[in-house]
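Visitor: what's the 3D shape of this:
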Amino acid sequence: MPALAPALIAWYRETARDLPWRAPGFGAWGVLVSEFMLQQTPVQRVIPLLEAWLARWRTPTALADDSPAAAVAQWANLGYPRRALWLHRAAVEIRDRHDGVVPRDVDALLALTGIGDYTARAVAVFAYGDRHPVVDTNTRRVIARAVEGRSQPGPPARGDLAAMERLLPADVTDAAVMNAAMMELGAIVCTARAARCDICPIASLCVWRAAGYPDTGDQRRKQASYEGSDRQARGAVLRTLRAADAHEAPEAAVIADWPDPVQRGRAIDSLLIDGLIESDGAHLRLPR
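Guide: I've put the predicted structure just below:
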């Protein structure tokens, strides 16, 4: 098929959203924090919390020298709070293993807590300018439609990196822009619910569109409703402790009015297992 890169790179350079982590000189630490926060979280919710985080902890060492409780509390309403704990652990590892500098090497990044294939390559590419394929949910959707002619991508697989590698131009700078452009296209044009082909820069090259938009099925995992879920109960426990003096409260007083006492207990137990809270037998607190 014709190369997608020229059209996508030109489109991105002309229309890309002005986002903080795309600013020149934003730095590897800022990129790393933004990638942790952006996982399963809308951009507009992330921006103010990212700015507050980086104002408080300007370097990995600054975060590592503070407590895990501070990180969990600062995470606020971002959701999936284990990310805050993982980010704190990664900061400690960066301080202790890499002299406080976010590593550039993909394998070194992968060895840090909470960092997988996507985040490691995103830091190497967007912070350091190296050439690697970067694949997120949006990228996978664009590849599924434009290259493979499918309505939705299959489950994540190691082959996703090879598929993206085949689309990258040889030039290092262009390759970085191509990675960003694929994600941008999937985020605002080739979205999961509706493809906006009328404004797509690669509509004329899209295999799925040329085939008449066939419905090839959807194997994406469906997320359970938040309302009434254990996730909601866990979030209520953490909100209580974030707001408490010294981030600590008597266990009996933590969401004592939760309508399902069994679910309340399950939420507390799971947070203890995850290391997001601690107990002395009578009190719960954020981790120290």
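
Visitor: residues in contact with I202?
Guide: Counting by C-beta atoms under 8 Å, 6 or more residues apart in numbering, I202 makes contact with 4, 7-8, 146, 185. Quick note: C-beta positions are derived from backbone N, CA and C, even for glycine.

Visitor: need those residues in TSV with secondary structure, can you?
Guide: Below are the contacts of I202 laid out as TSV (DSSP: H, G, I helix; E, B strand; the rest coil):
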residue	secondary structure
L4	coil
A7	helix
L8	helix
A146	helix
L185	helix
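
Visitor: By neighbours, which of the residues you listed wins?
Guide: Ranked by neighbour count (other C-beta atoms under 10 Å), those have A146 at the top, with 27 neighbours.

Visitor: Let me know the pLDDT of the residue nearest to that residue when sequence neighbours are not counted.
Guide: In space, A146 comes closest to C206 once its chain neighbours are excluded; the distance is 4.6 Å by C-beta to C-beta, 6 or more residues apart in numbering. The model reports C206 with a pLDDT of 97.

Visitor: Just to check, C206 is in contact with E148?
Guide: No. Between C206 and E148 there is no contact, the gap being 10.5 Å when judged by C-beta atoms under 8 Å.

Visitor: So between those two, which is more surrounded?
Guide: The neighbour comparison of C206 against E148 (other C-beta under 10 Å) goes to C206, with 21 against 13.

Visitor: give me the number of residues near the residue lying closest to P214 once chain neighbours are set aside?
Guide: Excluding the flanking residues, the one nearest P214 by C-beta to C-beta, 6+ apart is S151, at 6.7 Å. Residues near S151, counting by other C-beta under 10 Å, number 17.

Visitor: S151 in helix, strand or coil?
Guide: Remark: S151 carries the secondary structure label coil [criterion: three-state DSSP].

Visitor: wait, what's in contact with it?
Guide: By C-beta under 8 Å, 6+ apart, S151 lies in contact with 144-145, 208, 213-218.

Visitor: what's the residue nearest to A146 in contact with, if anything?
Guide: Contact analysis of C206 by C-beta under 8 Å, 6+ apart lists 145-146, 197, 200.

Visitor: How about the spatially most central residue of the chain: what's its closest non-neighbour residue?
Guide: Centroid-nearest residue in the chain, with C-alpha atoms, centre = their mean: Q39, separated by 2.0 Å. Counting by C-beta to C-beta, 6+ apart, Q39 lies nearest to R83, which is 6.5 Å off, once chain neighbours are set aside.

Visitor: What strand or helix carries that neighbour?
Guide: When secondary structure is defined by DSSP states H and E, R83 falls within helix 82-97.

Visitor: Name the residues of that helix that are buried.
Guide: 83-95 (16 or more other C-beta atoms under 10 Å).

Visitor: What of stretch 278-287?
Guide: Buried residues in stretch 278-287, counting neighbours by 16+ other C-beta under 10 Å, are found at 278, 283-287.

Visitor: With stretch 120-132 instead?
Guide: Applying 16+ other C-beta under 10 Å to stretch 120-132 flags 120-127, 130-132 as buried.

Visitor: Same question for stretch 212-231.
Guide: Of the residues in stretch 212-231, 216, 231 count as buried by neighbour count, 16+ other C-beta under 10 Å.

Visitor: Straight-line length of that stretch, end to end?
Guide: Criterion C-alpha to C-alpha, to the nearest Å; first-to-last residue distance in stretch 212-231 is 40 Å.

Visitor: could you pull out the helices for the protein?
Guide: 5-15, 28-38, 43-56, 60-64, 68-74, 82-97, 106-110, 117-122, 137-142, 159-165, 172-188, 207-210, 230-243, 261-274 (DSSP state H).

Visitor: Same list (those helices) but as CSV, adding distance to R22.
Guide: Putting these into CSV (distance: least, C-beta to C-beta, whole Å) gives the following:
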stretch, distance to R22
helix 5-15, 10
helix 28-38, 9
helix 43-56, 11
helix 60-64, 21
helix 68-74, 23
helix 82-97, 20
helix 106-110, 20
helix 117-122, 12
helix 137-142, 15
helix 159-165, 19
helix 172-188, 8
helix 207-210, 28
helix 230-243, 30
helix 261-274, 32
